[in-house]
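Q: any chance you could fold what I've pasted below:
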Amino acid sequence: MKTYGLIGEKLGHSLSPVIHQYIFERYKIKGYYSLYEIEKKNAENIIEGMKIMGIEGVNITIPYKETLLSKIDFLSEEGEKIGAINVLKIKSGKSYGYNSDYYGFIRLLERGEIEVKNKRCVILGTGGAAKSVITALHDLGAESITVVSRTLSSKLTDLLRIFPYINLAVYENFLEGDVIINTTPVGMYPNVEISPVDEEVIKRFRTAVDIIYNPLKTEFLKLAEKNKLQCADGLHMLIEQAIKAQEIWQETKFDDSLGEELYSYLADNFIG
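A: Next comes the predicted model:
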C-alpha cells in the first residue's frame, strides 16, 4: 500500500483525501491518503520523517510551501520561478519538489475557456496562491499583471523583487482591466455574504475568476455573473492540482475526463 498525504500546521476539513481516494479507486492504485498536522518546531524534520514512515509523496500547505525549499534535493522549474512548492515526492532516497497549483490554475483557465494572452490581469491578494497565479499568467503571455493589496506593505515589496514584471496597487486605486482574479479568502464559507471588491469595480472587467471553491458561486462571482462577465470558480484548480500531484507521484498521465468527473462528484456530494 502506497502512502501519501497532506502536510500543514492546521488542516481542519480538507477535500484532499476525498479527491485522492477517488483517483486511487478510479485507476486501481493501492494507495492511502492521510492528513498530517505538523507543528512549526518539527518542520525541519518533515522530509526525514517521510522517509522513515515510508511516505512516498505529500501535498504541502500553509505554512510550509517555502520552508522546505532549502531542504529538497531537486526543485522543478515552476517551483523555482514561484519560490514555493506544494508537492513533495520521495524516490530512491531523494526528495523532489513541485508546484502543482501552477498547473491547477492553468487547467482552470483551460476548463473555463478563459484567454489571458495579451490581456490586462488584476490579482486580488498577495499570498502563496497569488505567486502561482502570477507565474502562470506571465508564462501564458498576459499583457500586464497588477497585484492588489490592502496596503503597500513589505510583502508587496518582496513580490516585486521576485516578480519584477508586475504592477502594484491598493484597493483604493482605480482598478480596471480584462481579467480579475480573487486569490484571497474573502467570500469563503462560512462568510459568504462578502466580496473582495464591489460591483462598480467588477463591472470594469470582462472575466472574473475566484480560486475559492466553497461556495462554488461566491458573492464575487454572483456580482460578476449579474454584470454578464465570463466566470470561473476555484473547484477546477483544487482538482487539477491534485491530479497533477498524482501524475507526479505515479509517473503517469491520467485521462483528461478525470477532472470533469471529479468536478461533478465533488459539486454534487461535498460542496454546498
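Q: right, and the helix or strand after the longest helix seen in the chain?
A: Criterion DSSP state H: the longest helix present in the chain is helix 235-250. For helix 235-250, the succeeding helix or strand toward the C-terminus, using DSSP states H and E, is helix 257-269.
Q: I'd like the mean pLDDT over that following helix, please.
A: Taken as a whole, helix 257-269 has an average pLDDT of 96.
Q: check stretch 150-162 too.
A: Computed over stretch 150-162, the average pLDDT equals 85.
Q: one more: stretch 115-125?
A: 98.
Q: so who does residue 64 touch?
A: 7, 8, 9, 38, 43, 46 (Cβ atoms under 8 Å, 6 or more residues apart in numbering). Where C-beta positions appear, they are placed from N, C-alpha and C, glycine not excepted.
Q: how close does it get to residue 25?
A: Distance of residue 64 to residue 25, given as Cβ to Cβ, to the nearest Å: 28 Å.
Q: helix or strand right after the helix or strand bottoming out on mean pLDDT in the chain?
A: Each helix and strand of the chain was given a mean pLDDT (mean pLDDT, DSSP states H and E); the minimum falls on helix 154-162 at a mean of 86. The helix or strand immediately downstream of helix 154-162 is strand 167-170, counting by DSSP H and E.
Q: which elements pack onto that following strand?
A: Packing contacts for strand 167-170, counted by 3 or more Cβ pairs under 8 Å, 6 or more residues apart in numbering; DSSP states H and E, involve strand 144-149, helix 154-162.
Q: where does the longest helix of the chain sit relative to the chain's centre, distance-wise?
A: Counting by Cα atoms, centre = their mean, to the nearest Å, helix 235-250 is centred 10 Å from the centre of its parent chain.
Q: for that helix, what is the average pLDDT?
A: Across helix 235-250, the average pLDDT comes to 98.
Q: any idea of the angle that helix forms with helix 257-269?
A: 130 degrees (axes from the mean of the first three to the mean of the last three Cα atoms, to 10 degrees).
Q: which parts of helix 235-250 are buried?
A: 235-250 (16 or more other Cβ atoms under 10 Å).
Q: skipping its backbone neighbours, what lies nearest residue 75 in space?
A: Computed as Cβ to Cβ, 6 or more residues apart in numbering, the closest residue to residue 75 that is not its neighbour in sequence is residue 97, at 5.1 Å.
Q: who does the one helix or strand the one you found maps to pair up with?
A: Element membership of residue 97, judged by DSSP H and E, is strand 94-98. Its sheet considered, strand 94-98 pairs with strand 74-75 (parallel), strand 87-91 (antiparallel) by DSSP bridges.
Q: touching the longest helix of the chain from outside, list them.
A: So helix 235-250 is contacted by 2, 4, 15-16, 19-20, 23, 27, 29, 56-57, 59, 86-87, 89, 96, 98, 100-101, 103-105, 107-108, 111-112, 211, 213, 216, 253-254, 258-259, 262-263, 266-267, 271 (Cβ under 8 Å, 6+ apart).
Q: what residue is smack in the middle of the chain?
A: residue 101 (3.9 Å; Cα atoms, centre = their mean).
Q: contacts only, for the closest residue to that residue other than its chain neighbours.
A: Excluding the flanking residues, the one nearest residue 101 by Cβ to Cβ, 6+ apart is residue 132, at 3.9 Å. Remark: with contacts taken as Cβ under 8 Å, 6+ apart, residue 132 is in contact with 82, 84, 99, 101, 102, 104, 105.
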